[in-house]
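# Structure of the sequence below:
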Amino acid sequence: MTVAFISARARRTGVALGAVSAGLLVLSACDKPTPVATVTVGTDSVHSEAACYNHGKSLGEQSVLAKCLNDTSGRKTISVSLDDRIHFGVDPAIADNGWTFYIDGQRVEPEPNKDTYRTIQASSFFASQTGELIKSVNLGIVETSEKDKAVTGVWNFELKKKS
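Down below sits the predicted model:
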């Protein structure tokens, strides 16, 4: 019986090539992660990946936007007092296109914002048109494509008023 001997260097090279090949195979199966949006109140923060995201391309019709804004599966909740200041942060990829707020499915700003960070008084989210205080608000951060004004991403949060 003859045994083929392989040098240590050849074995190391073979193992290295196998590891690189396995790594490339694993990476090719991964999805590109979505940008993250963050809401901070005091020392509490919640981070959310997109409910819907199309990497800078339009999500499609208005019905898709409504479905994305109503998606509760990844909605993050944070409690706020009316006198709190709420800090909103988005990845630069979101800010590059522009983003705006939707409250309970309705757009509340006429033009997209291009900042990565904004601060807004909590009381502005909890006053209804009749003057009554609202207990919770579904807040959507919506990314829009600057060139064609199409919605390209939605991040969902719930702001709950502290008792």
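# low-scoring stretches of the protein, by residue?
1-32 (pLDDT under 70).
# now the strands for the protein?
36-41, 44-49, 52-53, 76-80, 85-90, 99-103, 106-107, 117-121, 136-144, 151-161 (DSSP state E).
# Which secondary structure elements does the last one sit against?
With contacts defined as 3 or more C-beta pairs under 8 Å, 6 or more residues apart in numbering; DSSP states H and E, the packing partners of strand 151-161 are strand 36-41, strand 44-49, strand 52-53, helix 62-69, strand 76-80, helix 123-126, strand 136-144. C-beta here means a position set from N, CA and C on the backbone, and glycine is covered the same way.
# That one pairs with which strands?
strand 52-53 (antiparallel), strand 76-80 (parallel), strand 136-144 (antiparallel) (DSSP bridges).
# angle of it against strand 85-90?
160 degrees (axes from the mean of the first three to the mean of the last three C-alpha atoms, to 10 degrees).
# Alpha carbons of strand 151-161, as CSV, please.
In CSV, the C-alpha atoms belonging to strand 151-161 read as follows (Å, rounded to 0.1, in the frame of the first residue of the first chain):
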residue,chain,number,x,y,z
VAL,A,151,-41.2,56.0,-1.2
THR,A,152,-38.2,53.7,-0.8
GLY,A,153,-38.4,52.7,2.9
VAL,A,154,-40.5,52.7,6.0
TRP,A,155,-39.5,52.3,9.7
ASN,A,156,-42.2,52.0,12.3
PHE,A,157,-42.4,53.1,15.9
GLU,A,158,-45.0,53.6,18.6
LEU,A,159,-44.9,56.5,20.9
LYS,A,160,-46.8,55.8,24.2
LYS,A,161,-47.7,58.7,26.5
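# relative to strand 36-41, how tilted is it?
Between the axes of strand 151-161 and strand 36-41, defined by the same axes, to 10 degrees, the angle is 20 degrees.
# if I pick the residue nearest to residue 93 when sequence neighbours are not counted, what's in contact with it?
Closest residue to residue 93 apart from its sequence neighbours, by C-beta to C-beta, 6 or more residues apart in numbering: residue 35 at 4.5 Å. Contacts for residue 35 (C-beta atoms under 8 Å, 6 or more residues apart in numbering) come out as 50, 53, 90, 91, 93, 94, 153.
# Take those residues and write them to JSON lines, including neighbour count.
Shown next, in JSON lines, are the contacts of residue 35 (neighbours: other C-beta atoms under 10 Å):
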{"residue": "50", "neighbour count": "24"}
{"residue": "53", "neighbour count": "21"}
{"residue": "90", "neighbour count": "23"}
{"residue": "91", "neighbour count": "17"}
{"residue": "93", "neighbour count": "17"}
{"residue": "94", "neighbour count": "27"}
{"residue": "153", "neighbour count": "29"}
